[in-house]
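Asker: just coords:
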Ligand code: SF4
């Protein structure tokens with residue numbers, strides 16, 4: 001099963017129409033695959049200090065706060081913070097774990113091979129990260145906004161320092177559903193140590209929003225048979241969304 005044909009043959013959900021040309025809301029455009037984010041002057045916070053009032057911030061203030069954040073040690077090794085991309089009123093929010101090397105270079109979540117697989121997964125249920133109305137254009141971000149060196153697992157205190165940014169993103173987007181991808185993201189959001197295998201297949205809650213657990217695309221690239229399970233997870237998310245007013 002290739003990257004662009006990841007959906008199992010038995011899948012019976014109709015594919016979505018091609019993305020619309022423009023969104024009807026405020027949209028954060030994605031970067032070109034080979035574009036490197038230019039360094040721009042940002043107001044850096046003192047090392048170890050986190051800004052107060054995150055829960056009151058609007059989008060511009062939140063972006064600026066993340067760009068200048070030095071609340072945990074990850075600020076020392078990052079090239080770029082990775083805020084997130086997509087529609088600011090998206091119905092679907094995709095939450096991964098932390099930026100990897102490519103994401104750190106580009107300043108965008110889910111780029112490279114895993115990003116292309118995510119795009120295929122989204123396309124299979126009529127969603128996209130490109131400009132489209134809020135029911136079709138997702139918002140994609142990570143639990144952590146800076147890359148852990150060598151892609152090591154994030155430390156609990158790094159998650160604790162960074163989580164207010166994610167909570168504010170959820171409060172601003174007001175998604176109708178959250179898709180949490182990968183063990184670390186899932187365990188951080190749900191505050192559990194249970195493996196993904198035990199958390200899949202049911203509807204969880206994060207900040208009052210229904211949350212569906214699934215595998216990270218990078219994992220699926222190494223474990224092709226589990227793509228069928230990921231498809232089941234997407235179908236559960238669709239059913240959950242459709243069952244709610
Ligand atoms: S990972 Fe989060 S808390 Fe740590 S420096 Fe980056 S933005 Fe700040």
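Answerer: Good, I have the coordinates. Since this is a predicted model, take the numbers as computed values, not measurements. Numbering: from 1, shown residues only.

Asker: Pull out the buried positions in whichever helix in the chain runs longest.
Answerer: The residue-count maximum for a helix in the chain (DSSP state H) belongs to helix 156-173. Residues of helix 156-173 classed as buried: 158-159, 161-162, 164-166, 168-171, 173 (neighbour count, 16 or more other CB atoms under 10 Å). For glycine as for every other residue, the C-beta is placed from the backbone atoms N, C-alpha and C.

Asker: what's the answer for stretch 235-245, then?
Answerer: For stretch 235-245, by 16+ other CB under 10 Å, it's 236-238, 240-241.

Asker: With respect to the ligand, which of those is nearest?
Answerer: The ligand has its nearest neighbour among the buried residues of stretch 235-245 in residue 237, at 26.4 Å by CB to the nearest ligand atom.

Asker: May I ask which helix or strand encompasses that closest one?
Answerer: Using DSSP states H and E, residue 237 falls within helix 227-242.

Asker: okay, the buried residues of helix 156-173 in TSV with distance to residue 141 and pLDDT next?
Answerer: Putting the buried residues of helix 156-173 into TSV (distance: CB to CB, whole Å; pLDDT from 0 to 100) gives the following:
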residue	distance to residue 141	pLDDT
158	16	94
159	14	93
161	16	94
162	11	96
164	13	95
165	9	96
166	7	96
168	11	97
169	6	97
170	9	97
171	13	97
173	9	98
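
Asker: Output the below-cut-off pLDDT ranges for the chain.
Answerer: By pLDDT under 70, the weakly predicted segments of the chain are 1-42, 48.

Asker: Helices of that one, residue ranges please.
Answerer: Counting by DSSP H, the helices of the chain are 59-67, 101-106, 112-124, 156-173, 183-190, 196-199, 217-222, 227-242.
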